[in-house]
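# return a 3D structure for these sequence lines:
(chains A, B and C)
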Amino acid sequence: MNQILSFDKRVCEIVSRIPFGQVATYGQIAELMGSYGSARQVGWSLRRLPISSEVPWHRVVNAKGHISMNPNREGSDWMQREMLIEEGIPVDASCTVPLKEYRWRPVDSNWLIDN
DNA sequence: AGAATGACGCTGA
DNA sequence: TTCAGCGCCATTC
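Take a look at the predicted model:
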């Protein structure tokens, strides 16, 4: 039934459940949506997502806890760093987040499955 | 329909 | 432990 929803739609659903002050990885999200291995597509979906979106896309980083810096984003990656700091996450000068402490744990969160 | 792209991840050296 | 290479898989051309 989740399959009826488009890929990016599911990405939005998962990302929207990331608690404030915590972060998740692309692979983690892909796994949660039942598509382990499609971590790249998660980033692909977030890419077409508008900055003004309600989805906290800034809480998504790669497995190394590092913000993906890409030219086509034209600085939105640096904005992501600022937004994370706003939430109290100590982002390193090289845009690295201490996943060890701030990584989102779905099992600990209230997994309000509505789909 | 087939090939290329890419906000990633894992394995091997 | 760190670095480079290959693989995944949905979307786009």
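
# give me the pLDDT value at whichever residue of chain A sits closest to DNA strand B.
In chain A, the residue that lies nearest DNA strand B is A:Gly43 (2.4 Å; CB to the nearest atom of the strand). Bear in mind the C-beta positions are built from the backbone N, C-alpha and C, glycine included. pLDDT for A:Gly43: 95.

# wait, it touches A:Ser68, no?
Yes - contact criterion CB atoms under 8 Å: A:Gly43 and A:Ser68 qualify, at 6.7 Å.

# so the residue of chain A closest to DNA strand B lies in a helix, does it not?
Yes - under DSSP: H, G, I helix; E, B strand; the rest coil, A:Gly43 sits within a helix.

# and the strands in chain A?
A:24-25, A:60-61 (DSSP state E).

# so how far is the last one off the chain centroid?
Centroid separation for strand A:60-61 versus its chain: 4 Å, with CA atoms, centre = their mean, to the nearest Å.

# do the same with stretch A:98-106
12 Å.

# mind listing what's buried in that stretch?
A:99, A:102, A:104, A:106 (16 or more other CB atoms under 10 Å).

# just give the number of residues close to the nearest residue to the last one once chain neighbours are set aside.
By the measure of CB to CB, 6 or more residues apart in numbering, the closest residue to A:Pro106 outside its immediate chain neighbours is A:Leu32, 6.2 Å from it. Residues lying near A:Leu32 (other CB atoms under 10 Å) number 20.
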